[in-house]
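Colleague: here are the coordinates; sequence isn't available:
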C-alpha cells in the first residue's frame, strides 16, 4: 500500500526533500554564513585590539623621564622662558640701546598669556624712558583683553600664526602645535641715526630670547638732521608648559652699566636745561655734563657700597640749577652706576691705580676723582685717567651757598682750591710729585685767608649744621697742608691723589653734601 | 478486459520495493542531519560571537585606557617628552621668519646710486611700503625692474612718482610683497 503510494508520489516526495534542502541552504546562506563571517571578523578585530594593547603597553613601558643638561637648560630658558620674564626683556632692550646708540622714546608691553580662558592681556604697561623707575601698569584695557579672547581660537597658535603657517605646523609638527605658547608684544618707539637704529634691530633679532619682529616702520625726519624715527613691534615668546619640569633658578642682574652719556638724547636735554652759555662751559662739551635740578630724586642706591671710601649724599636743599653767571666748580666724574656690584669694582680699580675717589649717591651713584675751579685743568686730569683706562669726563656743579657766603667766603675758598689744584694737576700731569716751599707757603697763605673768612662767618647768625660744615672744611684744609708738607719729603704721586680726595671732601662739605657713615 | 501477467521472479519485486523506500528515507535522514548540524553550528557560532563581542568590549576599553594613558604621557609637555618638545619648539620658533634686517639690506642693495629712503613700513607677512627719492624717474624704473627680478620679491609695483618742487628729485612710492618665511623663496 505504502509502496504503491510512494511509487505513485515518488516525484512529489523528491520535490519535498529538495525543498527541505533548499530551506536548509537558505538557512545556511542567510543565517549561519553571516554569523560565521561575523565571528571571523570579530576574531580579527580582537587580534588587532590585542596587538594595539600590546603595542601601547610596550611603548609605555619604554617611556623614560627626560632631562636637560645645564647648558641646554640655560640656553632654552634664555630663548623661551617659562614665564614672561619682562624684566629680562627690558634689560636686553636697554643693553642693545646703549650698545647701538639708538634712542628709545617709549616701550609698551602687552602680555598675551596664550590661554583663551585666562587671557590677561592687560596691563598695557608703558615704559617711558624718561621715567623708567616709574613704570606704571595701567589697568584700563579690559575691552582690548576681551577682544583678544574673541580672536583666540581653541589653540594659542591660532592667534600667533597666519593660516598658511598654521596648517604646516599642524601637519608637520603636531607636538609643537599641542604645546601652549604665549608672548609679550612690545611696541618700541625709537629714533636715532639710521645705522644705529638698524643695528638696534639687528641686536634685537640676535638676542638669546626668541623674538619675532612683527612690524617695523620708520620715516626719515629731514627737519631733525635726517634722524630715523621708527616704531618696532616685536613678540617675545614664553611657554608655561615646561614650568613643572624645569626650575628657573636664574638670578636677575643687570650685566651692563647704564651710562647716560651713551643715551645722547638725555645729554641734549641736560645741556639745554642748564641754560649755560659761558665760554668756559661750552668748551667742555660734549664731555662736560652739568648737574640738573632734580627735586624729585630718590635715595641713592648706596647699600652694599664698599664703606672704605668716602661716600656722600647730595644735599636735599632745593637748587635752581645753573643760571647764566652762577658760580660753578668742576669735578672729574669717572662713572655713574646703578649697580652696586659694578660700582664697587670700578672703585677698587681706581684705588688699585692709586686714585682716591669719592662716591656721591643720587638717582645713581657717581664716582668723583678730582675737583677744580678751572675746566681746562680738570680736563687734563680726565685725559690722564682715560690713558689709564678710566672713562671720565668733566662735570660742572653749582655752588650751594647762600648769597652772603658767595659774596664773603667764596672768593677765598676759590683761591685756596685753585692754588692747591694747580699744584696737584701739574704734579699728576707731569707725574712728578714735587712741591716747592714756595708753593707750600702760597697754600698756607690762602688757607689762612680762608680761615679768617670762615671765623667771620661763624660769628654770624648761621645754623649749627652749617657752622660744623665750615669748621670741617678748615680741618680738611689743615689735613691737606700736613700732607703737602709730607709730600715735599717723600715725592710719591699717590700722595697727590690722596690730596685730590681730601680736596673733594673739602668741596663737597663746603657745598653741604652729607657724608654717609657706612661703617 | 485487460490482464496483467508478471513473468519476473519474486525476488525482483522485493528489490523494487526497497528502492522505492530508499531515496525518501536517505533524503529525510540527510535533511535531518543537515538541519541538526546547521542549527548546532548557528547557535555555537552565535555564542562565540557573543563571547567575542564581550571580549572585544573589554579589550577595547583596556586598550583605550592604555592609549589614553600613553597620550597623556606624550601629548603637550610631560616629563617623558619635555626636553624633546622644548628643543623642537625653540628650533621651530627660530626658523619661521627671515630676519627683517636681512630683508631690508637686500631691498636697499637694489637701490640705484644717490637714492634716499624716506619711509619704510614692513609687516612680517611680507607687505612692504617703501618711499624713496630718486634723482630721476629712470632710477625709479631701474629700482622697480630690479625688484621684479629679485628672488625674494613676490610682487612689486610702483604706486606714484612725484616730482619735488624745490629740487630735481622724484619721490616714488612702492608696494612690495616679500617672501618672509624661511625656505619660501
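Modeller: Structure's in. What do you need? Computed from a prediction, not measured in an experiment: that's the story for all the values here.
Colleague: What does the pLDDT read for the residue nearest to residue B:178 when sequence neighbours are not counted?
Modeller: Leaving aside its sequence neighbours, residue B:178 sits nearest to residue B:126 (C-beta to C-beta, 6 or more residues apart in numbering or on different chains; 4.7 Å). C-beta: built from backbone N, CA, C; applies to glycine. On pLDDT, residue B:126 comes in at 93.
Colleague: Surely residue B:126 is in contact with residue B:185?
Modeller: No. Here residue B:126 lies out of contact with residue B:185, judged by C-beta atoms under 8 Å, at a distance of 11.5 Å.
Colleague: overlap in contacts of the two?
Modeller: residue B:179 (C-beta atoms under 8 Å, 6 or more residues apart in numbering or on different chains).
Colleague: Who has more neighbours out of the two?
Modeller: Between residue B:126 and residue B:185, residue B:126 has the larger neighbour count (other C-beta atoms under 10 Å in any protein chain shown), namely 21 against 13.
Colleague: How much space separates that one from residue A:411?
Modeller: 71 Å (C-beta to C-beta, to the nearest Å).
Colleague: same question, residue A:188
Modeller: 52 Å.
Colleague: Compare the two (neighbour count), which wins?
Modeller: residue A:188 (22 against 13).
Colleague: Find the nearest non-adjacent residue to that one, please.
Modeller: residue A:232 is the one closest to residue A:188 (C-beta to C-beta, 6+ apart), at 4.6 Å.
Colleague: Going by secondary structure, that neighbour is in what exactly?
Modeller: Per DSSP states H and E, residue A:232 falls inside strand A:227-238.
Colleague: Let me know the pLDDT of residue 139.
Modeller: Assuming you mean chain A. 37.
Colleague: if you could check chain B rather than the one you did, that'd help
Modeller: Note on residue B:139: pLDDT of 93.
Colleague: Can you pull up the most central residue in chain A?
Modeller: Geometric centre of chain A, nearest residue: residue A:91, 2.7 Å, by C-alpha atoms, centre = their mean.
Colleague: Tell me the first helix or strand C-terminal of the helix or strand encompassing that residue.
Modeller: For residue A:91, the element it lies in under DSSP H and E is helix A:86-100. Counting by DSSP H and E, the next helix or strand C-terminal to helix A:86-100 is strand A:103-112.
Colleague: Out of the helices and strands in chain B, which is least certain?
Modeller: helix B:10-74 (a mean of 86; mean pLDDT, DSSP states H and E).
Colleague: That one packs against which elements?
Modeller: helix A:2-8, helix A:10-27, helix A:33-62 (3 or more C-beta pairs under 8 Å, 6 or more residues apart in numbering or on different chains; DSSP states H and E).
Colleague: now check the shortest one, is it near chain B?
Modeller: Yes. In terms of C-beta under 8 Å from any C-beta of the partner chain, part of helix A:2-8 sits within range of chain B, namely A:3, A:6-7.
Colleague: Rounded mean pLDDT for that helix, please.
Modeller: Rounded mean pLDDT across helix A:2-8 is 78.
Colleague: in it, what's buried?
Modeller: residue A:6 (16 or more other C-beta atoms under 10 Å in any protein chain shown).
Colleague: Report all helices and strands that it contacts.
Modeller: Under the contact rule (3+ C-beta pairs under 8 Å, 6+ apart), helix A:2-8 is packed against helix B:10-74.
Colleague: pLDDT on the host helix or strand of residue A:424, on average?
Modeller: Element membership for residue A:424 (DSSP H and E) is helix A:410-430. For helix A:410-430, the mean pLDDT works out to 84.
Colleague: Please name every helix or strand in contact with that helix.
Modeller: With contacts taken as 3+ C-beta pairs under 8 Å, 6+ apart, helix A:410-430 sits against strand A:365-372, helix A:375-387, helix A:437-458, helix A:464-490, helix A:493-510.
Colleague: tilt between the third one and helix A:493-510?
Modeller: Interaxial angle, helix A:437-458 versus helix A:493-510 (axes from the mean of the first three to the mean of the last three C-alpha atoms, to 10 degrees): 20 degrees.
Colleague: tell me which strands and helices helix A:437-458 is in contact with?
Modeller: helix A:403-408, helix A:410-430, helix A:464-490.
Colleague: From the chain's centre, how far out is that helix? Work that out for me.
Modeller: Between the centre of helix A:437-458 and the centre of its chain there are 48 Å (C-alpha atoms, centre = their mean, to the nearest Å).
Colleague: Same check on stretch A:61-70?
Modeller: 35 Å.
Colleague: So residue A:191 belongs to a helix, correct?
Modeller: No. With DSSP: H, G, I helix; E, B strand; the rest coil as the criterion, residue A:191 is located in strand rather than a helix.
Colleague: That one: neighbour count?
Modeller: Neighbours of residue A:191 (other C-beta under 10 Å): 18.
Colleague: Would you confirm that it contacts residue A:197?
Modeller: Yes. Judged on C-beta under 8 Å, residue A:191 makes contact with residue A:197 at a distance of 7.3 Å.
Colleague: Overlap in contacts, those two.
Modeller: Joint contacts of residue A:191 and residue A:197 (C-beta under 8 Å, 6+ apart) are A:102, A:228, A:230.
Colleague: So how do I select the buried members of these in PyMOL?
Modeller: In PyMOL, this line selects whichever of those come out buried by 16+ other C-beta under 10 Å:
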select buried, chain A and resi 102+228+230
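Colleague: which of the shared contacts of residue A:191 and residue A:197 are close to chain B?
Modeller: residue A:230.
Colleague: Export the shared contacts of residue A:191 and residue A:197 as JSON lines, with columns for distance to residue B:90 and pLDDT.
Modeller: Shown next, in JSON lines, are the shared contacts of residue A:191 and residue A:197 (distance: C-beta to C-beta, whole Å; pLDDT from 0 to 100):
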{"residue": "A:102", "distance to residue B:90": "27", "pLDDT": "90"}
{"residue": "A:228", "distance to residue B:90": "32", "pLDDT": "92"}
{"residue": "A:230", "distance to residue B:90": "28", "pLDDT": "94"}
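Colleague: Could you measure from residue A:183 over to residue A:156?
Modeller: The gap separating residue A:183 from residue A:156 is 9 Å, by C-beta to C-beta.
Colleague: check contacts around the most centrally placed residue in chain B.
Modeller: Nearest residue to the geometric centre of chain B (C-alpha atoms, centre = their mean): residue B:75, 19.6 Å. Residue B:75 makes contacts with residue A:178, as judged by C-beta under 8 Å, 6+ apart.
Colleague: Check what pLDDT it gets.
Modeller: Note for residue B:75: predicted pLDDT of 86.
Colleague: What's the separation between it and residue A:383?
Modeller: Counting by C-beta to C-beta, the gap from residue B:75 to residue A:383 is 66 Å.
Colleague: Do I have it right that residue A:53 meets residue B:66?
Modeller: Yes. Under the criterion of C-beta under 8 Å, residue A:53 makes contact with residue B:66 at 6.1 Å.
Colleague: Just say helix, strand or coil for residue B:113.
Modeller: Secondary structure assignment for residue B:113 (three-state DSSP): coil.
Colleague: ugh, typo on my part, it should be residue A:330
Modeller: Per three-state DSSP, residue A:330 ends up strand.
Colleague: ok, and the closest non-adjacent residue to it?
Modeller: Counting by C-beta to C-beta, 6+ apart, the residue nearest residue A:330 is residue A:378, at 4.4 Å.
Colleague: Equivalent analysis for residue A:428, please.
Modeller: In space, and not counting its chain neighbours, residue A:428 is closest to residue A:496: 5.5 Å by C-beta to C-beta, 6+ apart.
Colleague: Double-check that neighbour against residue A:426; I have them as touching.
Modeller: No. Taking contacts as C-beta under 8 Å, residue A:496 lies outside contact range of residue A:426: 9.5 Å.
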